[in-house]
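>>> got a predicted model here, sequence first, then my questions.
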Amino acid sequence: MKAHDGIYLDGAWRPALSRDLIDVVDPVDEQVVARVPAAGPDDVDAAVRAARTALPGWAATAPAERAARLTALRDALAARQEEIAETVTAELGSPIGFSRAVHAAVPIAVAGSYAELAASHGFEETVGNSTVLHEPIGVVAAITPWNYPLHQIVAKAAPALAAGCTIVVKPAEDTPLVAQLFAEAAHEAGLPAGVLNLVTGRGPVAGQALAEHPGVDLVSFTGSTAVGRVIGATAGAAVKKVALELGGKSANVILPSADLARAVNVGVANVMSNSGQTCSAWTRMLVHRDRYDEAVELARTAAAKYGDRIGPLVNAKQQARVLGYIEKGVAEGARLVAGSTEPPRERGYFVSPTVLADVTPEMTVAQEEIFGPVLSVLRYDDEEDALRIANGTVYGLAGAVWAGDEAEAVAFARRMDTGQVDINGGRFNPLAPFGGYKQSGVGRELGAHGLTEYLQTKSLQF
Ligand code: ADP
């Protein structure tokens, strides 16, 4: 696989000061496909300084010109669509069809949405005798995970650039190659030097140095709740703004009036998609006790059909973690109706699509984020019971409600403590604000709400 042996800094690929390297591994065959620099604190410092130097110029650039650069960025990504899909397949292991349809296509759509928003957003408004200016917050640190590697970068970089911020991206160790493609596209799009910088490196070294750097004004982090908590505390101590997209344990609530077969099939597909490595996945299916056995049978059949169509997990650590959760579920009394506690293949970090039935709300597999192709099916007695179970975790990122009548589903969704709810299988909307209630995070991404995260307000009185 093609890889740059440097970091993208101040408009050019430059050798890292650190000599450390990261091996990029194909999760299907466990072979090293490339090596990239593992940047150190000095590299991070150089990147932040480049972003600071570029800030006044970019912040003063007219929104229409920023929009033009974002349009060029969208086009540069679109021109690389196939290369992006192949790269994500090589470093994440996802099947090529899914890489094309999701890992490549969604970030292009999101970049396009911010090209439009940069041109149309009201960066000034009048409130009584005041003019309120919405100004860029400054230098942004973007620390991203591997699960949707390009989407996670674009969902931070595109709104930051639209807002007039400059940025340093630290992608996940497992998926640095598509991040390098993104930096290439940004270069081609004609962003001025230093406006976007890319530092590949390890979380506890480069990530931490970036999150702690005094030259950073906002840290936008997507990843585990454990790391998010530390980043939030560090940012809080420095009185620095922070955006956190963390874990989830989303409920898929199937009300008694719903089309059960459709709700279960879409629900299983949602969990198996990207091999379950989706923070918003509906990993808890809630079914009324009268239809429970039927739902479990439908879920078992659906999961079995996915058999060899899902890719591996990203690495050996994740595979071991997910298999450990399945074992724990069985040990705590859940019934394994599809899948296994053993890996299905000798090579590659695969886990079989798994369905656990007879899961009760206090079980570990009903409370903790597993981040693998594992669905827990829970029983409820009545609507109040379903609501208690749905809201009964520390998370609140997404969810779904199914009912015969849309209004009935909406009434239930209004009572859920969560940031997004899909009604009767509602489609993904790249402009809808995405983010968590409770410990799922702080702030929102995507659309106009995602843009305002990168702005601060100043009022002029007349
Ligand atoms: P996951 O691997 O479950 O997605 P992580 O929270 O470990 O979640 O990783 C998300 C991102 O955070 C990655 O880019 C990783 O390198 C980075 N990271 C990990 N540990 C730290 C840390 N202590 N400080 C800053 N960033 C970190």
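Perfect, I can see it now.
>>> hey, let's count contacts and neighbours off CA atoms from now on
Will do.
>>> check Y306 and give its pLDDT.
pLDDT recorded at Y306 is 87.
>>> state the distance from the nearest residue to it once chain neighbours are set aside to S99.
Spatially, and ignoring its direct neighbours in sequence, Y306 is nearest to P353 (6.8 Å; CA to CA, 6 or more residues apart in numbering). Going from P353 to S99 by CA to CA, to the nearest Å gives 19 Å.
>>> check contacts around V139.
Going by CA atoms under 8 Å, 6 or more residues apart in numbering, V139 touches 48, 51-52, 55, 165-168, 215-218.
>>> re earlier: residues near the residue nearest to Y306, how many?
28 (other CA atoms under 10 Å).
>>> what do you get for A185?
Around A185 there are 21 residues (other CA under 10 Å).
>>> work out for me the element the residue lying closest to H121 once chain neighbours are set aside sits within.
Nearest non-adjacent residue to H121, counting by CA to CA, 6+ apart: A448, 7.8 Å away. Using DSSP states H and E, A448 sits in helix 447-452.
>>> which SSE is immediately downstream of that helix?
Assigned by DSSP H and E, the successor of helix 447-452 is strand 455-461.
>>> hang on, the earlier thing: the residue nearest to H121 contacts L431, correct?
Yes. Counting by CA atoms under 8 Å, A448 touches L431, with 7.2 Å between them.
>>> need the overlap of contacts for the two.
With contacts defined as CA under 8 Å, 6+ apart, no residue is adjacent to both A448 and L431.
>>> the helices in the stretch 101-250 of the chain, which residues?
105-120, 149-163, 176-188, 208-212, 225-237 (DSSP state H, counting those that start in this stretch).
>>> low-confidence ranges in the stretch 301-450 of the chain?
Nowhere does the stretch 301-450 of the chain drop to pLDDT under 70.
>>> can you pull out the helices in it?
316-331, 364-367, 383-390, 406-413, 447-452.
>>> now distance to P15 and mean neighbour count too, for those, in a markdown table please.
Shown next, in a markdown table, are those (distance: least, CA to CA, whole Å; neighbours: other CA atoms under 10 Å):
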| stretch | distance to P15 | mean neighbour count |
| --- | --- | --- |
| helix 316-331 | 30 | 18 |
| helix 364-367 | 44 | 22 |
| helix 383-390 | 50 | 17 |
| helix 406-413 | 51 | 16 |
| helix 447-452 | 33 | 21 |
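>>> of all these, which one is nearest the ligand?
Across those, the ligand has its closest neighbour in helix 316-331 (8.4 Å, CA to the nearest ligand atom).
>>> tell me who's in contact with V322.
351, 370-372.
>>> so V314 sits against E173, correct?
No. With contact defined as CA under 8 Å, V314 does not count as touching E173 (10.8 Å).
>>> could you find the closest non-adjacent residue to the residue sitting nearest the centre point of the chain?
With distances taken as CA atoms, centre = their mean, Q152 lies nearest the centre of the chain, 5.1 Å away. Leaving aside its chain neighbours, Q152 sits nearest to T144 (6.0 Å; criterion: CA to CA, 6+ apart).
>>> report how many residues lie close to the one you found.
T144 has 29 neighbours, counted by other CA under 10 Å.
>>> that one against V168, yeah?
No. Assessed by CA under 8 Å, T144 is found out of contact with V168, at 11.1 Å.
>>> up against the ligand, what does the stretch 1-150 of the chain have?
143-146 (CA under 6 Å from any ligand atom).
>>> can you list the domains in this protein?
Domains of the chain are assigned by automatic domain parsing as 6-246+440-461, 251-430.
>>> could you dump stretch 392-411 to PDB, C-alpha only?
Extracted C-alpha coordinates of stretch 392-411, given in PDB (Å, rounded to 0.1, in the frame of the first residue of the first chain):
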ATOM      1  CA  GLY A 392     -31.200   2.700  31.700                       C
ATOM      2  CA  THR A 393     -27.500   3.000  30.600                       C
ATOM      3  CA  VAL A 394     -24.900   5.700  31.100                       C
ATOM      4  CA  TYR A 395     -25.000   6.300  27.300                       C
ATOM      5  CA  GLY A 396     -27.400   8.100  25.000                       C
ATOM      6  CA  LEU A 397     -26.100   8.400  21.500                       C
ATOM      7  CA  ALA A 398     -28.700   7.000  19.100                       C
ATOM      8  CA  GLY A 399     -31.700   4.600  19.000                       C
ATOM      9  CA  ALA A 400     -34.600   3.500  17.000                       C
ATOM     10  CA  VAL A 401     -38.400   3.100  17.600                       C
ATOM     11  CA  TRP A 402     -40.700   1.000  15.500                       C
ATOM     12  CA  ALA A 403     -44.500   1.100  15.700                       C
ATOM     13  CA  GLY A 404     -47.500   0.600  13.400                       C
ATOM     14  CA  ASP A 405     -48.300   4.300  13.600                       C
ATOM     15  CA  GLU A 406     -45.500   6.900  13.200                       C
ATOM     16  CA  ALA A 407     -47.100   9.200  15.800                       C
ATOM     17  CA  GLU A 408     -46.900   6.400  18.400                       C
ATOM     18  CA  ALA A 409     -43.200   5.900  17.600                       C
ATOM     19  CA  VAL A 410     -42.500   9.700  17.800                       C
ATOM     20  CA  ALA A 411     -44.300   9.900  21.200                       C
END
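>>> from the ligand, how far out is D29?
Note on D29: its distance to the ligand, by CA to the nearest ligand atom, to the nearest Å, is 20 Å.
>>> mind listing what that residue touches?
Counting by CA under 8 Å, 6+ apart, D29 touches 347-348.
>>> ok, now the one 5 residues further on?
For A34, the contacting residues are 1-3, 23-25, taking CA under 8 Å, 6+ apart as the criterion.
>>> go again with 7 Å.
By CA atoms under 7 Å, 6 or more residues apart in numbering, A34 lies in contact with 1, 3, 23-24.
>>> most neighbours among these, please name it.
That'd be V24 among the contacts of A34, by other CA under 10 Å, with 23 neighbours.
>>> that one bridge partners, please.
When bridges are called by DSSP bridges, V24 pairs up with A34.
>>> before we move on, back to that, show me the contacts for the residue nearest to Q152.
So T144 contacts 152-153, 170-172, 221-223 (CA under 7 Å, 6+ apart).
>>> ok, now how distant is the closest residue to the ligand within the stretch 351-462 of the chain from G203?
The ligand sits closest to F371 of the stretch 351-462 of the chain, with a gap of 8.2 Å, by CA to the nearest ligand atom. Distance of F371 to G203, computed by CA to CA: 19 Å.
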